[in-house]
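Peer 1: Show me how the following folds:
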Amino acid sequence: MKPKRTAPALLAVFSFLWLAACNDRLFDNPFDPDAEERAYELLSTLQAGGIAPLDLTFSGDVLWAADGRERLVALNLNNGAMVRELEVALPVAGIAYDGVDLWLSVANSSQLVLVNIVNGAQVRVLNLLRGSFGAIDYAAGRLYVADRLSNAILVVDPLNGTIERSIPQPGYGVDGVCFDGTSLWVSDATQMKFFRLDPGGALEKQYQAPSRLVSGLAFAAGIIWCGDRAGKIYKLRFP
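Peer 2: Next up is the predicted model:
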(Lines give C-alpha, C1' and ligand atoms only; values in the text may rest on other atoms or scores of the structure.)
Protein backbone atom coordinates (compact mmCIF):
# COMPACT_ATOMS: atom_id res chain seq x y z
CA MET A 1 0.00 0.00 0.00
CA LYS A 2 1.42 3.33 -1.03
CA PRO A 3 1.87 5.91 1.74
CA LYS A 4 -0.65 8.72 1.61
CA ARG A 5 0.73 12.02 0.43
CA THR A 6 0.64 14.75 3.05
CA ALA A 7 -0.73 18.19 2.24
CA PRO A 8 2.74 19.83 2.37
CA ALA A 9 4.08 17.23 -0.06
CA LEU A 10 1.25 17.88 -2.51
CA LEU A 11 1.77 21.62 -2.16
CA ALA A 12 5.49 21.24 -2.88
CA VAL A 13 4.77 19.22 -6.05
CA PHE A 14 2.20 21.77 -7.19
CA SER A 15 4.60 24.67 -6.53
CA PHE A 16 7.37 22.97 -8.51
CA LEU A 17 5.09 22.35 -11.48
CA TRP A 18 3.77 25.91 -11.33
CA LEU A 19 7.29 27.36 -11.39
CA ALA A 20 8.23 25.16 -14.33
CA ALA A 21 5.16 26.35 -16.19
CA CYS A 22 6.30 29.94 -15.62
CA ASN A 23 9.38 29.12 -17.70
CA ASP A 24 11.69 30.34 -14.91
CA ARG A 25 10.70 33.97 -15.44
CA LEU A 26 9.96 34.68 -11.78
CA PHE A 27 11.92 33.77 -8.69
CA ASP A 28 10.21 33.66 -5.32
CA ASN A 29 10.18 30.95 -2.67
CA PRO A 30 6.61 30.46 -1.35
CA PHE A 31 7.97 28.71 1.77
CA ASP A 32 10.28 31.58 2.75
CA PRO A 33 8.50 33.76 5.36
CA ASP A 34 10.74 36.71 4.47
CA ALA A 35 10.17 36.53 0.72
CA GLU A 36 8.39 39.36 -1.07
CA GLU A 37 4.84 38.92 -2.34
CA ARG A 38 5.87 40.09 -5.78
CA ALA A 39 8.89 38.52 -7.41
CA TYR A 40 11.08 40.05 -10.08
CA GLU A 41 11.14 39.33 -13.80
CA LEU A 42 14.01 37.49 -15.43
CA LEU A 43 14.35 39.20 -18.80
CA SER A 44 17.17 37.01 -20.12
CA THR A 45 20.15 34.89 -19.12
CA LEU A 46 23.48 35.40 -20.85
CA GLN A 47 26.00 32.59 -21.13
CA ALA A 48 29.36 34.24 -20.52
CA GLY A 49 31.45 31.54 -22.26
CA GLY A 50 34.15 30.31 -19.86
CA ILE A 51 34.02 33.40 -17.65
CA ALA A 52 33.02 33.20 -13.99
CA PRO A 53 32.11 36.81 -13.08
CA LEU A 54 33.17 38.05 -9.65
CA ASP A 55 31.76 41.51 -10.27
CA LEU A 56 30.10 43.52 -13.05
CA THR A 57 29.85 47.10 -14.26
CA PHE A 58 28.17 48.79 -17.21
CA SER A 59 30.11 51.30 -19.34
CA GLY A 60 27.31 52.35 -21.69
CA ASP A 61 28.12 50.05 -24.59
CA VAL A 62 29.38 46.85 -22.97
CA LEU A 63 29.10 44.94 -19.71
CA TRP A 64 32.46 44.53 -17.96
CA ALA A 65 33.23 41.50 -15.81
CA ALA A 66 36.08 40.86 -13.41
CA ASP A 67 36.74 37.14 -13.68
CA GLY A 68 39.43 36.72 -11.02
CA ARG A 69 42.24 35.80 -13.43
CA GLU A 70 44.01 39.17 -13.52
CA ARG A 71 41.93 40.31 -16.45
CA LEU A 72 38.82 42.32 -17.22
CA VAL A 73 36.44 41.19 -19.91
CA ALA A 74 34.04 43.32 -21.94
CA LEU A 75 30.91 41.38 -22.93
CA ASN A 76 28.19 41.91 -25.50
CA LEU A 77 24.98 43.02 -23.78
CA ASN A 78 22.74 40.83 -25.91
CA ASN A 79 24.48 37.46 -25.96
CA GLY A 80 27.39 37.57 -23.48
CA ALA A 81 30.03 37.11 -26.16
CA MET A 82 33.48 38.51 -25.38
CA VAL A 83 34.13 41.85 -27.07
CA ARG A 84 37.63 42.44 -25.76
CA GLU A 85 39.94 41.59 -22.91
CA LEU A 86 41.97 43.90 -20.69
CA GLU A 87 44.86 42.40 -18.74
CA VAL A 88 45.78 43.88 -15.38
CA ALA A 89 48.54 42.59 -13.12
CA LEU A 90 46.18 42.44 -10.13
CA PRO A 91 43.92 39.84 -8.52
CA VAL A 92 40.70 41.77 -9.10
CA ALA A 93 37.72 41.24 -6.79
CA GLY A 94 35.49 44.14 -7.88
CA ILE A 95 35.00 46.51 -10.81
CA ALA A 96 33.16 49.82 -11.29
CA TYR A 97 32.94 52.35 -14.13
CA ASP A 98 33.22 56.03 -13.15
CA GLY A 99 32.18 57.47 -16.50
CA VAL A 100 35.72 57.53 -17.88
CA ASP A 101 37.82 54.65 -16.51
CA LEU A 102 37.52 51.53 -14.35
CA TRP A 103 37.92 51.27 -10.59
CA LEU A 104 39.12 47.91 -9.29
CA SER A 105 39.27 46.44 -5.81
CA VAL A 106 42.25 44.19 -5.16
CA ALA A 107 41.35 40.82 -3.65
CA ASN A 108 42.16 40.26 0.05
CA SER A 109 43.42 43.82 0.48
CA SER A 110 42.26 47.35 1.29
CA GLN A 111 43.52 48.70 -2.03
CA LEU A 112 41.50 50.38 -4.79
CA VAL A 113 43.05 51.01 -8.20
CA LEU A 114 41.83 53.19 -11.08
CA VAL A 115 42.91 51.85 -14.49
CA ASN A 116 42.63 53.22 -18.00
CA ILE A 117 39.71 51.59 -19.78
CA VAL A 118 41.63 51.39 -23.06
CA ASN A 119 44.99 49.90 -22.06
CA GLY A 120 44.69 48.93 -18.37
CA ALA A 121 47.42 51.32 -17.21
CA GLN A 122 47.16 52.41 -13.58
CA VAL A 123 45.87 55.97 -13.14
CA ARG A 124 45.50 56.14 -9.35
CA VAL A 125 46.01 53.88 -6.34
CA LEU A 126 44.20 54.28 -3.02
CA ASN A 127 45.40 52.39 0.05
CA LEU A 128 42.64 52.61 2.62
CA LEU A 129 43.25 52.29 6.33
CA ARG A 130 41.23 49.10 6.74
CA GLY A 131 39.21 46.46 4.97
CA SER A 132 39.29 43.37 2.78
CA PHE A 133 37.47 44.37 -0.36
CA GLY A 134 35.17 42.59 -2.79
CA ALA A 135 32.47 43.95 -5.10
CA ILE A 136 32.33 47.70 -5.72
CA ASP A 137 30.17 50.28 -7.47
CA TYR A 138 30.54 53.94 -8.46
CA ALA A 139 27.62 56.36 -8.22
CA ALA A 140 27.19 60.12 -7.70
CA GLY A 141 30.92 60.71 -7.26
CA ARG A 142 31.42 58.04 -4.60
CA LEU A 143 32.65 54.44 -4.47
CA TYR A 144 30.52 51.85 -2.68
CA VAL A 145 32.90 49.14 -1.53
CA ALA A 146 31.96 45.76 -0.04
CA ASP A 147 34.20 45.13 2.98
CA ARG A 148 34.32 41.50 4.08
CA LEU A 149 35.97 42.31 7.41
CA SER A 150 33.14 44.51 8.68
CA ASN A 151 30.40 42.92 6.53
CA ALA A 152 29.40 46.43 5.45
CA ILE A 153 29.41 48.78 2.49
CA LEU A 154 32.03 51.53 2.77
CA VAL A 155 31.27 54.85 1.08
CA VAL A 156 34.62 56.13 -0.18
CA ASP A 157 35.78 59.43 -1.67
CA PRO A 158 37.60 58.37 -4.87
CA LEU A 159 39.88 61.42 -4.80
CA ASN A 160 41.60 60.76 -1.48
CA GLY A 161 40.36 57.40 -0.21
CA THR A 162 38.53 58.82 2.80
CA ILE A 163 35.93 56.42 4.22
CA GLU A 164 33.00 58.77 4.71
CA ARG A 165 30.65 56.26 6.30
CA SER A 166 29.96 52.57 6.72
CA ILE A 167 26.58 51.01 5.88
CA PRO A 168 25.82 47.72 7.68
CA GLN A 169 24.03 45.17 5.53
CA PRO A 170 21.53 42.54 6.68
CA GLY A 171 23.08 39.46 5.09
CA TYR A 172 25.95 37.18 5.99
CA GLY A 173 28.20 38.55 3.25
CA VAL A 174 28.29 40.95 0.29
CA ASP A 175 28.71 39.21 -3.06
CA GLY A 176 27.50 42.14 -5.16
CA VAL A 177 26.63 45.81 -4.68
CA CYS A 178 25.14 48.54 -6.85
CA PHE A 179 23.38 51.87 -6.34
CA ASP A 180 20.43 52.73 -8.60
CA GLY A 181 20.27 56.41 -7.65
CA THR A 182 17.68 55.80 -4.94
CA SER A 183 18.42 52.45 -3.32
CA LEU A 184 21.49 50.40 -2.54
CA TRP A 185 21.31 46.79 -3.75
CA VAL A 186 23.25 43.95 -2.14
CA SER A 187 23.42 40.28 -3.07
CA ASP A 188 24.19 37.53 -0.57
CA ALA A 189 24.89 34.13 -2.13
CA THR A 190 24.92 32.35 1.25
CA GLN A 191 21.29 33.27 1.91
CA MET A 192 20.42 33.30 -1.80
CA LYS A 193 18.93 36.78 -1.44
CA PHE A 194 18.92 40.31 -2.81
CA PHE A 195 18.53 43.14 -0.29
CA ARG A 196 17.35 46.63 -1.23
CA LEU A 197 18.46 49.27 1.27
CA ASP A 198 17.73 52.96 1.54
CA PRO A 199 20.76 55.32 1.42
CA GLY A 200 21.02 55.14 5.21
CA GLY A 201 21.19 51.34 5.18
CA ALA A 202 17.64 50.53 6.34
CA LEU A 203 16.16 47.42 4.72
CA GLU A 204 13.41 48.27 2.20
CA LYS A 205 12.75 44.89 0.58
CA GLN A 206 14.34 41.51 0.00
CA TYR A 207 14.04 38.98 -2.80
CA GLN A 208 15.16 35.44 -3.56
CA ALA A 209 18.26 35.34 -5.79
CA PRO A 210 18.16 33.06 -8.86
CA SER A 211 21.19 31.05 -7.72
CA ARG A 212 23.45 30.28 -4.76
CA LEU A 213 26.37 31.32 -6.97
CA VAL A 214 25.37 34.96 -7.51
CA SER A 215 28.36 37.27 -7.63
CA GLY A 216 28.48 40.89 -8.78
CA LEU A 217 25.75 43.42 -9.53
CA ALA A 218 25.43 46.30 -11.97
CA PHE A 219 22.60 48.77 -12.65
CA ALA A 220 21.70 50.49 -15.92
CA ALA A 221 18.48 51.93 -17.38
CA GLY A 222 16.19 50.34 -14.81
CA ILE A 223 17.80 46.90 -15.14
CA ILE A 224 19.84 44.96 -12.57
CA TRP A 225 22.57 42.74 -14.01
CA CYS A 226 23.59 39.87 -11.74
CA GLY A 227 26.61 37.64 -12.26
CA ASP A 228 26.86 33.96 -11.43
CA ARG A 229 30.08 32.03 -10.78
CA ALA A 230 28.76 29.23 -13.00
CA GLY A 231 29.30 31.52 -16.00
CA LYS A 232 25.86 33.10 -16.30
CA ILE A 233 24.66 36.69 -16.16
CA TYR A 234 21.02 37.38 -15.27
CA LYS A 235 19.19 40.44 -16.57
CA LEU A 236 16.50 41.33 -14.04
CA ARG A 237 13.65 43.83 -13.66
CA PHE A 238 12.30 44.48 -10.17
CA PRO A 239 8.81 45.79 -9.30
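
Peer 1: Mind telling me what element G216 is part of?
Peer 2: Using DSSP states H and E, G216 falls within strand 214-220.

Peer 1: got a list of what C178 touches?
Peer 2: Applying Cβ atoms under 8 Å, 6 or more residues apart in numbering to C178 gives the contacts 137, 139, 144, 184-185, 217-219, 224. Placement of C-beta: from N, CA and C, glycine included.

Peer 1: Closest one to S166 out of the residues you listed, please.
Peer 2: Here the nearest of the contacts of C178 to S166, counting by Cβ to Cβ, is Y144; it sits at 10.9 Å.

Peer 1: Just to be sure, the closest one is in a strand?
Peer 2: Yes. Counting by DSSP: H, G, I helix; E, B strand; the rest coil, Y144 is part of a strand.

Peer 1: Count the residues that sit near the closest residue to it other than its chain neighbours.
Peer 2: Closest residue to Y144 apart from its sequence neighbours, by Cβ to Cβ, 6 or more residues apart in numbering: D137 at 4.5 Å. Residues within reach of D137, counting by other Cβ atoms under 10 Å, total 29.

Peer 1: Repeat that for the one 5 residues further on.
Peer 2: For R142, the tally of surrounding residues (other Cβ under 10 Å) stands at 17.

Peer 1: repeat for K193
Peer 2: Using other Cβ under 10 Å, K193 has 21 other residues around it.

Peer 1: Report the separation between it and V186.
Peer 2: Using Cβ to Cβ, to the nearest Å, we find K193 at a distance of 9 Å from V186.

Peer 1: just Y172 next, same as before
Peer 2: Distance from Y172 to V186, by Cβ to Cβ: 11 Å.

Peer 1: where does the protein dip in pLDDT?
Peer 2: 1-38, 68 (pLDDT under 70).

Peer 1: the helices in it, which residues?
Peer 2: Using DSSP state H, the helices of the chain run over residues 7-21.

Peer 1: returning to what we had before: of Y172 and V186, which one has the most company?
Peer 2: Comparing Y172 with V186 by other Cβ under 10 Å, the one with more neighbours is V186, at 28 against 12.

Peer 1: May I have the residues that are in contact with the more buried one?
Peer 2: Counted by Cβ under 8 Å, 6+ apart, V186 has contacts 146, 153, 169-171, 174, 176-177, 194-195, 197, 217.

Peer 1: Look up which residues are beta-bridged to it.
Peer 2: Bridge pairing for V186 (DSSP bridges) gives the partners V177, F195.

Peer 1: W64 too?
Peer 2: What pairs with W64, by the bridge criterion (DSSP bridges), is T57, A74.

Peer 1: right, and it touches I95 too?
Peer 2: Yes. At 5.7 Å, W64 counts as touching I95 under the criterion of Cβ atoms under 8 Å.

Peer 1: list the residues that contact both of the two?
Peer 2: Joint contacts of W64 and I95 (Cβ under 8 Å, 6+ apart) are 56-57, 72, 102.

Peer 1: For those, please prepare CSV with the additional fields distance to A230 and neighbour count.
Peer 2: Output for those, formatted as CSV (distance: Cβ to Cβ, whole Å; neighbours: other Cβ atoms under 10 Å):
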residue, distance to A230, neighbour count
L56, 14, 30
T57, 20, 29
L72, 20, 24
L102, 24, 24
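
Peer 1: Mind putting these into TSV with distance to G131?
Peer 2: As requested, these are exported to TSV (distance: Cβ to Cβ, whole Å):
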residue	distance to G131
L56	21
T57	19
L72	21
L102	19
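
Peer 1: That'll do, ta.
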